[in-house]
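> kindly return the folded structure for what I paste below:
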Amino acid sequence: MPILPTISTFFIVISAVFVAIGWRFIVKGEAVKHKKAMITAAVSAIIFFIIYMSRTIFIGNTSFGGPEDLEIYYTIFLIFHITLATTGALFGIVTLILAFKRNIRVHRKIGPITSVIWFFTAITGVAVYLLLYILYDGGETTSLIKAILGT
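Below is the predicted model of the structure:
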């Protein structure tokens, strides 16, 4: 089990857990606790991103090493995850900016959407991790494009 993917996956799960905690706090009307939980979630996501990008730049990405007949499904799933993660990150940045600028009216509208996207991002991220490193032996470690395309 490679250490960097394990650590980065841990941080994305922690991020999602703190989003859930923060959501619970705001539902209960505890805005200060909500803010702290959401900042913790954002910091955890940033730590994930730093580890992920460092690994991508310096080591590369690992292609799917499972059965060949599942590779197309994995690739489609990976593209779905990457799309969710990118969308979730953009929504997260916007949602945080709205909160810090005290535009709470708009923040309240997109916050729940951002949270749901982030939960699915975390879930699919864990699934990618399991498929690459736990259920199957990882394939070749190579550039991002090659890993996505499976070449």
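> list the buried residues in the helix or strand containing R24.
R24 is part of helix 3-27, with elements assigned from DSSP states H and E. By neighbour count with 16 or more other Cβ atoms under 10 Å, helix 3-27 contains the buried residues 5, 8-23, 25-26. Bear in mind the C-beta positions are built from the backbone N, C-alpha and C, glycine included.
> mean pLDDT per helix and strand in this protein: which one sits at the bottom?
helix 144-149 (a mean of 66; mean pLDDT, DSSP states H and E).
> distance of I39 relative to G65?
From I39 across to G65, the span is 37 Å (Cβ to Cβ, to the nearest Å).
> next one: F10
Taking Cβ to Cβ, one finds F10 at 21 Å from G65.
> now the closest residue to F48 other than its chain neighbours: how far from I113?
Leaving aside its chain neighbours, F48 sits nearest to F11 (4.0 Å; criterion: Cβ to Cβ, 6 or more residues apart in numbering). F11 sits 22 Å away from I113, going by Cβ to Cβ.
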